[in-house]
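Trainee: I would like the atomic coordinates for the input below:
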Amino acid sequence: MTRDDPLLLPVCQSCGEYKGVGECRNPSCSGSDNGKKIAIRYTNQKCTICGQSQVVTCIQCGTGYCETHSVGAELNNLGSFHQRIGTCVECNHNVCEKCWILNPNGDIVCLVHLEKDRESH
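Mentor: Okay, here's the model as predicted:
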């Protein structure tokens with residue numbers, strides 16, 4: 001993850017509005033699905049662990065995992081201790097173990113939604 005990653009920048013690069021961490025929330029922004037653009041940028045990459053072709057990418061940081069290392073990617077909770085990627089219970093995007101936190105129910109929540117929960121309280 002780099003310092004100038006569009007998801008980390010507090011201002012949207014498309015519309016210029018403040019967005020905080022994550023995707024732009026401005027519905028009229030032409031780049032409002034920045035996360036999908038970032039995921040596309042990481043296609044045809046290698047698995048972070050073994051170097052095989054990746055099949056799943058973390059929407060937050062772009063880390064990719066092969067078929068073997070992406071077991072449990074479709075789960076909203078921790079299926080095994082060795083699970084490296086899962087699906088956020090809020091947005092249904094794939095996030096890796098570095099970009100998720102488990103809520104009190106044991107569900108995977110991406111850091112973008114963690115920030116939104118903090119802002120609402």
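Trainee: C-alpha only now, for contacts and for neighbours.
Mentor: Noted.
Trainee: What segments of this structure are helices?
Mentor: 34-41, 111-120 (DSSP state H).
Trainee: weakest of these by average pLDDT?
Mentor: Ranked by mean pLDDT, these bottom out at helix 34-41, which scores a mean of 47.
Trainee: Contact partners for H93?
Mentor: C58, I59, T87 (Cα atoms under 8 Å, 6 or more residues apart in numbering).
Trainee: Lowest pLDDT pick from these?
Mentor: pLDDT across the contacts of H93 is at its lowest for I59, which sits at 86.
Trainee: Contacts only, for the residue lying closest to C50 once chain neighbours are set aside.
Mentor: Closest residue to C50 apart from its sequence neighbours, by Cα to Cα, 6 or more residues apart in numbering: C66 at 7.9 Å. C66 makes contact with K46, C47, C50, G51, Q52, S53, Q54, V55, V56, according to Cα under 8 Å, 6+ apart.
Trainee: H69 is in contact with the fifth one, correct?
Mentor: Just to be clear, that refers to Q52. No: distance between Q52 and H69: 9.7 Å, which falls outside the contact criterion (Cα atoms under 8 Å).
Trainee: Those two: which has the busier surroundings?
Mentor: More crowded of Q52 and H69, by other Cα atoms under 10 Å: H69, with 21 against 16.
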